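Asks: Return atomic coordinates for the entry below.
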Amino acid sequence: MTTCMRTIAQLGRKHVMNLRRTLCLALATAAFATPAFAQSALSRVQVSLFPSSRMVATKGTSVDQPKFKTYTPGASVTVGFGRYFSLEGDVSGSRGNVQLLGNLGRRRSPAVLAGALNATVGLLPGKRLQPYVTAGLGAMRLFQREELGMQHGEMLQSANVGGGVKLMFDGWGVRAEYRYVGMDSTAEERSTFFGPDTRKAHRLAVGLVIGGGR
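Replies: Below you'll find the predicted structure:
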């Protein structure tokens, strides 16, 4: 986990690609290992709703690439394999938030739609308080906003690493987590707002967990 955090912290395309290869290998290994969990099979399925979620993206190297924050409510589905390992798919979105965007003045940030597939390891499975660590790969769509220099939508590739904690009761619970995200534009013509840099973001989310028990 520490190695993954140091890798993303370099914020270079090379490091994001290396993390992608590592996570793809981990997911492939989990797929081959699934028969070993045949007796427990899909031991739990959980749905999480995140009405409170906030992402803060750092600024780029240009004055036209300011940091921005946005509220990104979302949801996820988690499928558990055995006691410790699970895969989670999540989706989130935002219409943007009015804020001060550096030299661009007070404007609305771009609308966002994001998704990711994450591998999660539970540290205290079966307990009421369940800390976990997670890492994953995903994509993010920034929609056109001409006043920010975005003449067209822009697709980003992303990688994230983080952790959180679930407080579980009988069939439901609450959840809080933090993720450190690296983002890189795949567009041939990158917007002046996002730019060619690999940007980083911090995401904090609090939500409700349904299903799975303890």
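Asks: wait, residue 77 sits on residue 88?
Replies: Yes. Using CB atoms under 8 Å, residue 77 makes contact with residue 88 at a distance of 7.0 Å. Using the backbone N, CA and C atoms, a C-beta is placed for each residue, glycine as well.
Asks: Between those two, which is the more surrounded one?
Replies: Set side by side, residue 77 and residue 88 show more neighbours around residue 88, with 19 against 14, by other CB atoms under 10 Å.
Asks: now that one, which residues is it bridged with?
Replies: Residues in a beta bridge with residue 88, per DSSP bridges, are residue 78, residue 118.
Asks: Kindly report the same for the one 5 residues further on.
Replies: Beta-bridge pairing for residue 93 (DSSP bridges): residue 113.
Asks: tally of neighbours for it?
Replies: Counted with other CB under 10 Å, residue 93 comes out at 18.
Asks: so it sits right up against residue 140, yeah?
Replies: No. Using CB under 8 Å, residue 93 makes no contact with residue 140, being 9.8 Å away.
Asks: what residues are shared contacts of the two?
Replies: 112-114 (CB atoms under 8 Å, 6 or more residues apart in numbering).
Asks: Just the closest of those to residue 174, please.
Replies: Of all the shared contacts of residue 93 and residue 140, residue 114 has the smallest distance to residue 174: 22.3 Å, by CB to CB.
Asks: quick one: the closest one and residue 158 touch, right?
Replies: Yes. With contact defined as CB under 8 Å, residue 114 and residue 158 form a contacting pair (7.2 Å).
Asks: Identify the contacts common to these two.
Replies: By CB under 8 Å, 6+ apart, residue 114 and residue 158 have these common neighbours: 138-140.
Asks: Quick test: name the residue nearest the centre of this protein.
Replies: residue 160 (5.4 Å; CA atoms, centre = their mean).
Asks: For that residue, pull up the helix or strand it's in.
Replies: strand 154-168 (DSSP states H and E).
Asks: just how off-centre is that strand within its chain?
Replies: 3 Å (CA atoms, centre = their mean, to the nearest Å).
Asks: can you offset everything so residue one is 263?
Replies: Yep, numbering from 263; the last one is strand 416-430 now.
Asks: Just the mean pLDDT for it, thanks.
Replies: The predicted model assigns strand 416-430 a mean pLDDT of 95.
Asks: ok, the shared contacts of residue 355 and residue 402 vs residue 396, which is closest?
Replies: residue 376 (15.2 Å).
Asks: and that closest one, how many residues sit next to it?
Replies: 23.
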